[in-house]
Structures are given as C-alpha cells and as structure tokens.
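> Attaching a predicted model along with its sequence, questions to come.
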Amino acid sequence: MYPIHTNRFIAGNVWLKEWSESNTKHGSNAMTGKYIGVYFAFGFGAAALVMAQTLILWLLCAIEVCSFRDTLLTRALSIHCSPGSENLAP
C-alpha cells in the first residue's frame, strides 16, 4: 500500500513539473482548470490511500491486541489454576 501512496505523490510532482514546463513553453497559464483538476485528483487519491492504509493498520492492530489479550489471560489463568501453584496464590 505504501508504494502506491508514494507513487501518487511522485505523480503529483511530475504533474507540477509538466504544468510549469507548459507555462514556460506557452508564456502563459493556459488550461488552468485542467492542470488544477488533475493535481487535485492526485492529491485526493494520495489522501484516500493514506486513510485506507491507516484504517487497515488500525483494524489489524485491534485484532492482534484482542488475540494477545486472550492469550495472555489464558496463560495467566493456567499458571494460577494449575496443580502445584498453591504457593503462587495470595
């Protein structure tokens, strides 16, 4: 996911370079709406990918935390309730 997100930012920079070269070549800022629209699309796409990446990581971490908590609780209870653990009880 990260390489796609990075490529969006690189594409936006390449588009800005194309826009500035077009301005230099024509001597004016022709077709401003087209250039701003495409640049906005690159920026919006990159932001959407960052949001998706964050959501996926958040969900995966939440699932892993629940799994870790259950494992920790199971092991703690098995130690406390196992035979020979009378000395561990308060």
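The structure has been received and is ready for your questions.

> low pLDDT regions in this structure?
Scanning the chain for pLDDT under 70 picks out 1-5, 80-90.

> ranges for the helices of it?
Taking DSSP state H as the criterion, the chain carries its helices at 2-26, 32-81.

> residues in contact with the first one?
To tie it back to what came earlier, the one meant is helix 2-26. With contacts defined as Cβ atoms under 8 Å, 6 or more residues apart in numbering, helix 2-26 is touched by 29-31, 35, 38-39, 42-43, 45-46, 49-50, 53. C-betas here are computed from N, CA, C, even on glycine.

> Now render these as TSV, adding neighbour count and distance to V14.
What follows is those, written out as TSV (neighbours: other Cβ atoms under 10 Å; distance: Cβ to Cβ, whole Å):
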residue	neighbour count	distance to V14
N29	11	18
A30	11	19
M31	12	17
Y35	18	12
V38	15	11
Y39	17	11
F42	20	9
G43	14	13
G45	17	14
A46	19	13
L49	18	17
V50	15	19
Q53	14	22
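
> Please identify which pair of those residues lies farthest apart.
Of all pairs drawn from the contacts of helix 2-26, the widest gap by Cβ to Cβ lies between A30 and Q53 and measures 36.1 Å.

> Report how many residues lie close to K34.
11 (other Cβ atoms under 10 Å).

> give me every residue that touches it.
No contacts exist for K34 under Cβ under 8 Å, 6+ apart.

> roughly how far apart are it and A46?
19 Å (Cβ to Cβ, to the nearest Å).

> now do G27
31 Å.

> How about L55?
In this structure, L55 and A46 are separated by 15 Å, where distance is defined by Cβ to Cβ.

> And the residue most central in space within the chain, how far from L59?
Here the mean C-alpha position of the chain is nearest to the C-alpha of Q53 (Cα atoms, centre = their mean), at a distance of 2.6 Å. Computed with Cβ to Cβ, the distance linking Q53 and L59 is 11 Å.
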